[in-house]
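# I'd like to go over a predicted model; first the sequence, then the structure.
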Amino acid sequence: MSQKVYVEVLVDHDPEGRMLPKVITWEDGTRYVIDKVVDIRQAASRVGGQGDRYTIRVRGRESCLFFERSTDLTGNVIGRWFVERRTAG
């Protein structure tokens, strides 16, 4: 079983407009440097929602980071980042 956990992400933007995540800050304040973005594609999450799935490598392990786009196109909040946390059960 998994749950959606929204996280703070430090992001660079390249000249073509791609968002490239660099650092994830977990709920407890721990910061994880993203070693490499392996893949970016549209995908559904196992915990609900759909958006951009970033397959990333942190400390030699691959994981998925999702960007969930906002449905409100007029505001200054374009979306939120989340990860899937595995829970017992």
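Nice, I can see it. Numbers count the residues shown, from 1 in each chain.
# and Lys4, how many neighbours does it have?
Lys4 is flanked by 16 other residues according to other C-beta atoms under 10 Å. In this view, the C-beta of every residue, glycine as well, is placed from N, C-alpha and C.
# go on, Leu65?
21.
# Specify the beta-bridge partners of the residue nearest to Lys22 when sequence neighbours are not counted.
Excluding the flanking residues, the one nearest Lys22 by C-beta to C-beta, 6 or more residues apart in numbering is Leu10, at 4.9 Å. On DSSP bridges, the residues paired with Leu10 through beta bridges are Val23.
# so what's Leu10 up against?
21-23, 25 (C-beta atoms under 8 Å, 6 or more residues apart in numbering).
# Distance from the lowest-mean-pLDDT helix or strand in the chain to the middle of the chain?
When each helix and strand of the chain is scored by mean pLDDT, DSSP states H and E, strand 79-86 comes last, with a mean of 89. When distances are taken as C-alpha atoms, centre = their mean, to the nearest Å, strand 79-86 is centred 6 Å away from the chain's centroid.
# tell me which residues in it are buried?
Under the neighbour-count criterion of 16 or more other C-beta atoms under 10 Å, strand 79-86 has 80-84 buried.
# Farthest pair within the residues you listed?
Arg80 and Glu84 (13.9 Å; C-beta to C-beta).
# quick one: the helix or strand hosting Glu8 to strand 79-86, angle?
Secondary structure assigned from DSSP states H and E places Glu8 in strand 2-13. If you take axes from the mean of the first three to the mean of the last three C-alpha atoms, to 10 degrees, strand 2-13 sits at 140 degrees to strand 79-86.
# Restricting to C-alpha, output strand 2-13 in CSV.
Provided in CSV are the C-alpha atoms of strand 2-13 (Å, rounded to 0.1, in the frame of the first residue of the first chain):
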residue,chain,number,x,y,z
SER,A,2,1.3,3.5,-0.8
GLN,A,3,0.3,7.1,-0.1
LYS,A,4,1.0,10.4,-1.7
VAL,A,5,3.5,12.7,0.1
TYR,A,6,3.9,16.2,-1.1
VAL,A,7,7.5,17.4,-1.0
GLU,A,8,9.5,20.6,-1.6
VAL,A,9,11.7,20.4,-4.7
LEU,A,10,14.5,22.7,-5.8
VAL,A,11,14.2,22.9,-9.6
ASP,A,12,16.3,24.3,-12.5
HIS,A,13,14.7,25.3,-15.8
